[in-house]
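J.: Sequence plus predicted model, see below.
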Amino acid sequence: MNWMIKAVWILLAFSGSLYAGDILVVVSKDSPVDTITKRELVDLYMGRSHSLPDGSPVMKIDAPVDSPVRAEFYQALIGMKVSEVNAYWARLMFTGRATPPMSVTKPEDVAGLLARNPSALGYLPEDSENEQLKTIFVIKEDQGAP
Amino acid sequence: MLFYRSQKHLNQSVSLFSRARTSLGAATLSALLVLASTEVRADHFSDHIRISGFGSIALTRGGDENLGFRRNVSQEGEFDRWSFRPDSLLGVQLDADLNDRLRGTLQLVGKDRPENGLEESIEAAYLAYNIDPRWTLRVGRVGMDLLPMSEYQNIGFAYDWVRPPVDYYGLIPFSYIDGMDLRYTRPVGAGTLSAKLSAGSTKNIYESFDQHNYFKLEPFYGVSLRYELNNLALMASYARSEIQDFKNPNVDLLEDYLLSLPSFTGGSEVAERLRLDGIVTEYYSLGAEYRTGPWKATAEIAYLDSDGELFLPFLGGYAGISRRFDSVSLYGLVSQARTTKDAATLDAPLLPPPLGHYIQRALNSVQSDQKTLSLGARWDLRSNMALKMQWDRTWVEEGEAFLWGRDTEQTPKSALDTFTLSMDFVF
């Protein structure tokens, strides 16, 4: 029985782990976008709008599904746990209301995709700045949910 | 979700669509063709195609010797035994971005249905066109939000409970129409407002006393509103439809016989009363979802209005609350629903007595009055998989068990337990 309790604790601890540090919301340096508001970011990542405020199409990129940075991103943005975000997106996707952000399998893929696609938008941990990209919004480490 | 990338354009498939006639059937068909041709030759197209899916593997035990548990009136009842049938299903969805504004979607769902051909298994097949960032038009077989959870009731992973509350969702087993919808979305205040107009028709089958009852809702018109903030969502909807092509082997036989009786018996008036074709049904619903910290509360109320004596008006609602402990949520809900009109009384003393008695029993059989308390847990095992457990205790009034499988309408007042263990996933 003991090992089961341990396993449950490890699972719980793992699923609760968050990334600590600022999160940078970034686009390609060739993107016409220079800034974005938190509201616009929330609307994009929650499937409520499909384009940038100027009407141009956008390709949203999500960090790997189980990554700490993704957990922190949604927690800071709208106070949702990853499990809630996943359930929320299942609802939108299968009713055709919105197309989910494109999820990459490896954390390092985000920067590459962003650099190659001027219409793409994504987020990265603060230490992964790169000259191909520009930062348009910063989610502060201590910034809680609204 | 798998992403396929490819090289050339989809012009061929799109022209296939534009050549098709504009009737809704043709639109649905061409949506299918577009998707089918895209799937087969995915290598040659530039835009990506996504294949995704959802499912529930659920073991349910409910009912007793008189009342058979069913998730909705399209199913046969399960009489006090464990079964995968009521709540298990598997769905696959194919989305193809045909260009920046046009998307095709095909969704197939395998589940327990009275008839299970390809046509019934297609839960969505439409083309969606983004007219501009605020307006979207969809044509084909599209989801319908008659009740707040209608549109995603098949996607167990998307909600905490093992199924939408049976007390009144059980009465409305369908979740789509063949037709079109137009959605408008815009920011309002701190939130987002979206409004949707739908028009079309839908075919249905429900099961009573081991017989299939067919009917169509045509025309079907609906309007729904949704206002969403980060932690609050409000929904309201109204729909109106007419029942057409109602078919039940027993009612048909009965009608022929009644019409053959001499006019002084009143047979033809009784036959007229049993007819459902042309009856107008109206649906009203309100829903709210509120989230604060680890707590989430949900409430809904719905009313169905009808003049049909074999289809009584109905009032139902539920309220639920969940508390999340990291990846585990514990929840409870209460729901209640009943037909709001008593069964019609037959006043035809000149009909041969066994016949009058038989018709009265048929009129009585469509009554429903029940309430349910449910407790359960959802454990998100992985980012795309959740394990759920739920216990329901349902109290059903005497002779008002329309939502249950049964052999006779003369059912006793009952308290029934339903146990469900379910694994819900998306991919």
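T.: Noted; the coordinates are in hand.

J.: what's in contact with the helix or strand where B:L254 lies?
T.: For B:L254, the host element (DSSP states H and E) is helix B:249-260. Contacting residues not belonging to helix B:249-260 are listed as B:209, B:211, B:267-268, B:270-271, B:274-275, B:310, B:351, B:355, B:358-359, B:362 [Cβ atoms under 8 Å, 6 or more residues apart in numbering or on different chains]. Any C-beta I mention is one placed from the backbone N, CA and C, and that applies to glycine too.

J.: Closest to B:E289 out of these?
T.: Nearest to B:E289 among the contacts of helix B:249-260 is B:L310, at 34.5 Å by Cβ to Cβ.

J.: Check the secondary structure at B:D64 for me.
T.: At B:D64 the chain is in coil, as set by DSSP: H, G, I helix; E, B strand; the rest coil.

J.: burial measure for it, as a count.
T.: 15 (other Cβ atoms under 10 Å in any protein chain shown).

J.: hang on, it packs against B:S414?
T.: Yes: B:D64 is in contact with B:S414 according to Cβ atoms under 8 Å; the separation is 6.7 Å.

J.: The stretch 251-400 of chain B: strands as residue ranges?
T.: Remark: strands assigned in the stretch 251-400 of chain B by DSSP state E, counting those that start in this stretch are B:280-292, B:295-306, B:314-325, B:328-339, B:368-382, B:385-401.

J.: And chain A, by the same measure?
T.: Secondary structure of chain A by DSSP state E: the strands cover A:23-28, A:59-62, A:102-103, A:120-125, A:133-139.

J.: Please convert those strands to JSON lines, extending it with mean pLDDT, mean neighbour count and distance to B:N154.
T.: Below are those laid out as JSON lines (pLDDT from 0 to 100; neighbours: other Cβ atoms under 10 Å in any protein chain shown; distance: least, Cβ to Cβ, whole Å):
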{"stretch": "strand A:23-28", "mean pLDDT": "94", "mean neighbour count": "23", "distance to B:N154": "34"}
{"stretch": "strand A:59-62", "mean pLDDT": "94", "mean neighbour count": "19", "distance to B:N154": "24"}
{"stretch": "strand A:102-103", "mean pLDDT": "89", "mean neighbour count": "18", "distance to B:N154": "23"}
{"stretch": "strand A:120-125", "mean pLDDT": "94", "mean neighbour count": "23", "distance to B:N154": "31"}
{"stretch": "strand A:133-139", "mean pLDDT": "92", "mean neighbour count": "18", "distance to B:N154": "35"}
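
J.: Distance to B:V109 for those strands - can I get that in a markdown table?
T.: Shown next, in a markdown table, are the strands of chain A (distance: least, Cβ to Cβ, whole Å):
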| stretch | distance to B:V109 |
| --- | --- |
| strand A:23-28 | 37 |
| strand A:59-62 | 26 |
| strand A:102-103 | 24 |
| strand A:120-125 | 33 |
| strand A:133-139 | 38 |
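
J.: The ones you listed into JSON lines, with extra columns for distance to chain B?
T.: Formatted as JSON lines, these follow (distance: least, Cβ to the nearest Cβ, whole Å):
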{"stretch": "strand A:23-28", "distance to chain B": "17"}
{"stretch": "strand A:59-62", "distance to chain B": "11"}
{"stretch": "strand A:102-103", "distance to chain B": "7"}
{"stretch": "strand A:120-125", "distance to chain B": "14"}
{"stretch": "strand A:133-139", "distance to chain B": "15"}
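
J.: And residue 111, what's its pLDDT?
T.: Going with chain A. If you check A:A111, the pLDDT there is 89.

J.: Chain B is the one I meant
T.: B:K111 is assigned a predicted lDDT (pLDDT) of 95.

J.: That one: what's it in contact with?
T.: Applying Cβ under 8 Å, 6+ apart to B:K111 gives the contacts B:88-90, B:154.

J.: One more pass at 6 Å, please.
T.: Applying Cβ atoms under 6 Å, 6 or more residues apart in numbering or on different chains, we find B:K111 in contact with B:L89.

J.: Equivalent analysis for B:A128, please.
T.: By Cβ under 6 Å, 6+ apart, the neighbours of B:A128 are B:103, B:138.

J.: Now for it, which secondary structure element holds it?
T.: If you go by DSSP H and E, B:A128 is part of strand B:122-130.

J.: what lines up beside that strand in the sheet?
T.: Paired neighbours of strand B:122-130 in the sheet (DSSP bridges): strand B:102-111 (antiparallel), strand B:135-143 (antiparallel).

J.: What's the mean pLDDT across that strand?
T.: Mean per-residue pLDDT for strand B:122-130: 96.

J.: Show me how far that strand is from its chain's centre.
T.: 17 Å (Cα atoms, centre = their mean, to the nearest Å).

J.: Enumerate the positions of it that are buried.
T.: Within strand B:122-130, the residues that count as buried by 16 or more other Cβ atoms under 10 Å in any protein chain shown are B:122-130.

J.: pLDDT averaged over stretch B:191-203 - what is it?
T.: On average, stretch B:191-203 scores 96.

J.: any residues touching it, and which ones?
T.: With contact meaning Cβ under 6 Å, 6+ apart, stretch B:191-203 is reached by A:48, B:144, B:174, B:177-179, B:181-185, B:216-218, B:220-229.

J.: now stretch B:173-181
T.: B:24, B:72-74, B:123, B:138-139, B:141-144, B:150-151, B:153, B:196, B:198-202, B:204, B:220.

J.: In strands, which of these appear?
T.: B:123, B:138-139, B:141-143, B:196, B:198-202, B:204, B:220.

J.: Contacts only, for the closest residue to chain A within the stretch 51-200 of chain B.
T.: Closest to chain A within the stretch 51-200 of chain B is B:A158: 4.0 Å, counting by Cβ to the nearest Cβ. Going by Cβ under 6 Å, 6+ apart, B:A158 touches A:87, A:90-91, B:152.

J.: Could you do B:F69 as well?
T.: Residues in contact with B:F69, defined by Cβ under 6 Å, 6+ apart, are B:62-63, B:77-78, B:418.

J.: now it, which residues is it bridged with?
T.: With beta bridges defined as DSSP bridges, B:F69 has these partners: B:E78.

J.: So for it, what's the pLDDT?
T.: On the pLDDT scale, B:F69 gets 97.

J.: Tell me, how many residues neighbour A:E126?
T.: 16.

J.: isn't it right next to A:D22, touching?
T.: Yes: counting by Cβ atoms under 6 Å, A:E126 touches A:D22, with 4.2 Å between them.

J.: Now do the helices for chain A: every range, in order, please.
T.: In chain A, the helices defined using DSSP state H lie at A:2-16, A:38-45, A:68-78, A:82-94, A:109-116.

J.: For chain B, find the nearest of the ones you listed.
T.: helix A:82-94 (3.7 Å).

J.: and the closest one with strand B:135-143, angle?
T.: 90 degrees (axes from the mean of the first three to the mean of the last three Cα atoms, to 10 degrees).

J.: can I get the CA coordinates of helix A:82-94 in PDB?
T.: Extracted in PDB, the C-alpha atoms of helix A:82-94 (Å, rounded to 0.1, in the frame of the first residue of the first chain):
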ATOM      1  CA  VAL A  82      -3.700  22.800 -16.900                       C
ATOM      2  CA  SER A  83      -6.400  20.100 -16.400                       C
ATOM      3  CA  GLU A  84      -9.100  22.800 -16.600                       C
ATOM      4  CA  VAL A  85      -7.500  24.300 -19.700                       C
ATOM      5  CA  ASN A  86      -7.400  20.900 -21.400                       C
ATOM      6  CA  ALA A  87     -11.100  20.300 -20.600                       C
ATOM      7  CA  TYR A  88     -12.000  23.800 -21.700                       C
ATOM      8  CA  TRP A  89     -10.300  23.300 -25.100                       C
ATOM      9  CA  ALA A  90     -11.900  19.900 -25.600                       C
ATOM     10  CA  ARG A  91     -15.200  21.700 -25.400                       C
ATOM     11  CA  LEU A  92     -14.300  24.400 -27.900                       C
ATOM     12  CA  MET A  93     -12.500  22.100 -30.300                       C
ATOM     13  CA  PHE A  94     -15.200  19.500 -30.700                       C
END
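
J.: what comes into contact with it?
T.: A:47, A:71, A:74, A:98, A:100, B:54, B:152, B:155, B:157-158, B:327, B:380, B:383, B:426.

J.: Thanks a lot, see you next time.
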